[in-house]
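Q: Give the three-dimensional model of this entry:
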Amino acid sequence: MEQLQTARPGKNAQAQVPNLRQYLTFVLSGESFAIPIEHIREIIEFKSITTIPLMPEFLRGVINLRGAVVPVVDLSARFARGATVVGQRTCVVIVEIEGEAETQVLGIMVDAVNEVIDVDASQVEPRPTFGAGIRTDFIDSILNIGQRFTVVLDVGRVLSADEIAGLMGVAHEDDAIAD
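A: Alright, predicted model coming up:
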């Protein structure tokens, strides 16, 4: 898989302007979403995914990322919107999620990556209690940028590292039993 860009800024990038936070914005089913940049490791071009039998629909499979097995979550399927249709701009965003035991590296499939944006704290609205078309426990906040809103995902809840690790562990245990 070809690396498109590294999204991780220098540690001092936000220290100069304390009220600014950076977010990676992307499109999923025609809607704009964001993830805080500190969770992003890199963005890679979508090539192919190895499927794993008996996994939930949202766990699309695994990829080989420089020798490491990385599970890939289809966010569209995770939000009960059906599987992502792979297009020319489809990519996999590699994120790091803090689990109880360790940090888990996961890939998330998105329709397209837009940009990294700097957002002032005054443009961040709290999580709504209703609406938005997805479970609100997946929402961290809402960015109010000009005339549009962007949903900021709570990466730890959307991509529960412990849940994914548990699913992957079940798959590996089943492989061991079959051998």
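
Q: List of residues touching the helix or strand containing Val69?
A: Per DSSP states H and E: Val69 is located in strand 68-74. Contacts with strand 68-74, where a contact means CB atoms under 8 Å, 6 or more residues apart in numbering, come from 49, 57-64, 83-84, 92, 94, 105-109, 158-159, 164, 167-168. Placement of C-beta: from N, CA and C, glycine included.

Q: and that strand, which residues are buried?
A: By 16 or more other CB atoms under 10 Å, the buried positions in strand 68-74 come out as Val70, Pro71, Val72, Val73, Asp74.

Q: So in terms of bridging, what pairs with the closest residue to Pro126 other than its chain neighbours?
A: Leaving aside its chain neighbours, Pro126 sits nearest to Ser141 (6.1 Å; criterion: CB to CB, 6 or more residues apart in numbering). For Ser141, the beta-bridge partners are Pro126, Val152 (DSSP bridges).

Q: you'd agree Ser141 is up against Val152?
A: Yes: counting by CB atoms under 8 Å, Ser141 does reach Val152; the two are 4.6 Å apart.

Q: any residues in contact with both of those two?
A: What both Ser141 and Val152 touch, as defined by CB under 8 Å, 6+ apart, is the set Val124.

Q: Can I get the strand holding Val69 in CSV, CA atoms only?
A: Output in CSV follows, covering the C-alpha atoms of strand 68-74 (Å, rounded to 0.1, in the frame of the first residue of the first chain):
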residue,chain,number,x,y,z
ALA,A,68,2.1,-5.4,11.0
VAL,A,69,-1.4,-6.8,10.8
VAL,A,70,-3.8,-3.9,11.0
PRO,A,71,-7.6,-4.4,11.3
VAL,A,72,-9.7,-2.1,9.0
VAL,A,73,-13.1,-0.8,10.1
ASP,A,74,-15.6,0.3,7.6
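
Q: what pLDDT, on average, does that strand get?
A: Across strand 68-74, the average pLDDT comes to 92.

Q: Over to stretch 155-165?
A: Mean predicted lDDT for stretch 155-165 stands at 66.

Q: so where's this protein uncertain?
A: Scanning the chain for pLDDT under 70 picks out the ranges 1-17, 129-137, 159-179.

Q: where exactly do the strands run in it?
A: Using DSSP state E, the strands of the chain run over 3-5, 20-28, 31-36, 40-45, 59-65, 68-74, 91-98, 103-110, 112-120, 124-126, 139-145, 148-153.

Q: can I get these in JSON lines with distance to Pro53?
A: Converted to JSON lines, the strands of the chain look like this (distance: least, CB to CB, whole Å):
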{"stretch": "strand 3-5", "distance to Pro53": "29"}
{"stretch": "strand 20-28", "distance to Pro53": "26"}
{"stretch": "strand 31-36", "distance to Pro53": "29"}
{"stretch": "strand 40-45", "distance to Pro53": "24"}
{"stretch": "strand 59-65", "distance to Pro53": "10"}
{"stretch": "strand 68-74", "distance to Pro53": "14"}
{"stretch": "strand 91-98", "distance to Pro53": "21"}
{"stretch": "strand 103-110", "distance to Pro53": "19"}
{"stretch": "strand 112-120", "distance to Pro53": "29"}
{"stretch": "strand 124-126", "distance to Pro53": "41"}
{"stretch": "strand 139-145", "distance to Pro53": "32"}
{"stretch": "strand 148-153", "distance to Pro53": "28"}
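
Q: Many thanks, I have nothing further to ask.
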